[in-house]
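need coordinates for the following:
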Amino acid sequence: MRSAVLVLLFLASFPQSACRSVHQPPPTTWTTGFWFWGGSDLDPTYSGKSLDVLFVQVGSITSDDYPRPGAARAVRWYTYGDLPEELPQARDYWLVYRYEKPGVPGLPAAAQLVEALASLQAEARRRNLHVVGVQLDIDSPTSALPQYANFLAEVRKGLPPGFEISITALLDWFRSGTAIAGVIEQVDEFVPQFYDLGELGYRNRQAAIAARIDPQRWDPVFNRFHKRFRIGISTFGRTRLLHNPVPEQTGNYRVEFYGDLQPLDLATNPAFELHAERNQADETILNYRATRKLRLGHNDLEPGETFQFILCTPDALRAALRGAHQIKGYNAGVVFFRWPSEDETWALQPDEVLDTVNELGAAGKTHAARPPRVHVVPGGCAVVKCVDLYLESPGPLAPREVRYRIHASTPLDYFLPQPNIPARLAGSSDVAVALPPYCGRGRLYLGRAVSSQQAEYSVEVEP
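Sure thing, here's the model as predicted:
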């Protein structure tokens, strides 16, 4: 009974005269947004700038088994989700549901999705969050696009007029001869994802996360539908271990992925040599190659095995933004994947992304680089004054060592550096930081400073 009441309230909260237009007018404003995914959280150093739009992963669609021809028991579908307790401030919010399995959810999942949305919309209304609609993140095989269109049509049947549908879109869907037009017909907007493409070759040495945005190629492809779209851009990085080449596959490597290793963990280790390069999307690739046998953590490495860091940088972001801005027509803006977790050091932080967006501006011109900044977060100590220090570097991944000096306005009792961070107390009120080449991420946690009196902090680059 409660579910039925929620659905009725959901339907009543929208004007019944609203309708979906097959051909929309082109958008008149350019918006900047983020995906706020599972694991994302509000970093204490975030400036709190209000966003245009936030796509919030609220839940998942799943089943208890894969459909099998001739199965005695029908597949049972489940849809569950919750609004995160803390969210960045934004003008508009979308509720995102992810389907993790290959293929397309069964039609019975559509009714469950509508029911779940009713509950989440009621909660969002209590929290004064302006929800525009639902976004589905379903990596349908290209061959299954007709099935996906049917699923979207079933979802739309249960939604109130005015509640929009957005989808993430794989670039392969837009090649010649697919059924993508039927899918686009069922939605109000789509977001092509210019990252993590199959042809980028995860097992090849020349790795990439992002795909170069070619406006001449994609402008006519996306605009032919006369539907609003946004460009999905990556801002995260990835670490992987390339084991020695697979003998029967020339140039290929056995790959093992890592989530917690950082360039700083290897930069000062004499057993590794560094080779840095850039790919076509201007991402920086750091290859730390073992020059001898060694044990690192739980890994026994042979000579030639390589830890590879694929990193987004402001330069890569500028290149993506320039390409996105040149796609006109129904292009409504960009969405960045993703808002990182607090301790994620290989992803661009939201303020870095927004600063880069503002640097380029509508004209696409880069302004002068900003100076370094130090962020101070209270540590919550009762007897003494303790703070956590974060360094924001103006030139992430500089190809040379960069030295910083952080000055406190009062003497420091002591400084506790984060493990593997080359920072030390220098004198009574200074913290000296020496970052090896390519290790100056945009926001770096240095450690905790303790003093008897409240201190103000400043930072400068040493010659």
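
can you read off the pLDDT for the most centrally placed residue in the chain?
Compute the mean C-alpha point of the chain, and by Cα atoms, centre = their mean the closest residue is residue 338, 1.6 Å away. pLDDT, residue 338: 92.

now do the top strand by length along the chain: distance to the chain's middle.
Longest strand in the chain by number of residues (criterion: DSSP state E): strand 51-63. Computed by Cα atoms, centre = their mean, to the nearest Å, the chain-centroid distance of strand 51-63 equals 13 Å.

dump it to CSV, keeping only the CA atoms.
Taking Å, rounded to 0.1, in the frame of the first residue of the first chain, the C-alpha atoms of strand 51-63 are listed here in CSV:
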residue,chain,number,x,y,z
LEU,A,51,27.4,23.1,-9.9
ASP,A,52,25.1,23.2,-12.8
VAL,A,53,24.1,19.6,-12.7
LEU,A,54,25.0,16.5,-10.7
PHE,A,55,24.3,12.9,-11.8
VAL,A,56,24.1,10.9,-8.6
GLN,A,57,24.4,7.1,-8.6
VAL,A,58,21.5,6.1,-6.3
GLY,A,59,21.2,2.4,-7.0
SER,A,60,21.4,-0.6,-9.2
ILE,A,61,19.3,-3.0,-11.3
THR,A,62,20.2,-6.6,-10.8
SER,A,63,18.8,-10.1,-11.0
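
what's it packed up against?
Contact here means 3 or more Cβ pairs under 8 Å, 6 or more residues apart in numbering; DSSP states H and E; on that basis strand 51-63 packs against strand 31-36, strand 77-81, strand 90-99, helix 108-126, strand 131-138, strand 331-337. C-beta here means a position set from N, CA and C on the backbone, and glycine is covered the same way.

okay, angle between that strand and strand 331-337 too, please.
Compare the direction of strand 51-63 with that of strand 331-337 by axes from the mean of the first three to the mean of the last three Cα atoms, to 10 degrees and you get 60 degrees.

buried sites along strand 51-63?
51-63 (16 or more other Cβ atoms under 10 Å).

domains for the protein, by residue range?
2-236+313-360, 238-311, 373-462 (automatic domain parsing).

shouldn't residue 319 be within a strand?
No - note on residue 319: no strand contains this position according to DSSP: H, G, I helix; E, B strand; the rest coil, which reports helix.

for it, give me the pLDDT.
The model reports residue 319 with a pLDDT of 94.

run through the residues that contact residue 112.
For residue 112, the contact set (Cβ atoms under 8 Å, 6 or more residues apart in numbering) comprises 61, 77, 78, 79.

cool, and residue 135?
Residue 135 neighbours (Cβ under 8 Å, 6+ apart): 55, 94, 95, 96, 97, 165, 166, 167, 168, 191.

name the helix or strand for the residue lying closest to it once chain neighbours are set aside, please.
Of all residues not flanking residue 135 in the chain, residue 166 sits nearest, at 4.0 Å (Cβ to Cβ, 6 or more residues apart in numbering). In the assignment (DSSP states H and E), residue 166 maps to strand 164-169.

after that strand comes which helix or strand?
Heading C-terminal from strand 164-169 (DSSP H and E), you reach helix 180-185.

select from the contacts of residue 135 the one having the most neighbours.
Sorting the contacts of residue 135 by how many neighbours each has (other Cβ atoms under 10 Å) puts residue 55 first, at 29 neighbours.

that one: what's it in contact with?
Applying Cβ under 8 Å, 6+ apart to residue 55 gives the contacts 33, 34, 35, 36, 93, 94, 96, 135, 166, 335.

tally of neighbours for residue 309?
Count around residue 309 with other Cβ under 10 Å applied: 24.

tell me the SS of it?
strand.

kindly report the same for residue 48.
coil.

what's near enough to touch it?
So residue 48 contacts 88, 89 (Cβ under 8 Å, 6+ apart).

sorry, back to before: and the longest strand of the chain, which strands flank it?
strand 31-36 (parallel), strand 77-81 (antiparallel), strand 90-99 (parallel) (DSSP bridges).

residue 232: which of the ones you listed is closest?
strand 31-36 (8.0 Å; Cβ to Cβ).

the one helix or strand residue 266 maps to: what's the following helix or strand?
For residue 266, the host element (DSSP H and E) is helix 264-267. Downstream of helix 264-267, the next assigned helix or strand under DSSP H and E is strand 272-278.

for that following strand, packing partners?
strand 284-290.

rounded mean pLDDT for the strand it packs on, please.
94.

report all helices and strands that that strand contacts.
Looks like strand 284-290 contacts strand 272-278, strand 306-311 (3+ Cβ pairs under 8 Å, 6+ apart).

average pLDDT across the shortest one?
In this model, strand 306-311 has a mean pLDDT of 92.

can you list the neighbours in contact with it?
Here strand 306-311 makes contact (Cβ under 8 Å, 6+ apart) with 205, 207-209, 237-242, 258, 261, 263, 266, 272, 283-290, 346, 397.

any low-confidence regions in the stretch 1-150 of the chain?
Filtered on pLDDT under 70, the stretch 1-150 of the chain yields the residue ranges 1-23, 65-73.

measure stretch 341-350 end to end?
11 Å (Cα to Cα, to the nearest Å).

who touches that stretch?
By Cβ under 8 Å, 6+ apart, stretch 341-350 touches 34, 39-46, 49, 88, 235-239, 262, 309, 311-314, 317, 338-340, 356, 441-445.

list buried residues within the residues you listed.
34, 40-43, 45-46, 88, 235-239, 262, 309, 311-314, 317, 338-340, 356, 441-445.

what about these, which are in helices?
Members of the buried ones among the contacts of stretch 341-350 lying in helices (criterion: DSSP state H): 314, 317, 356.
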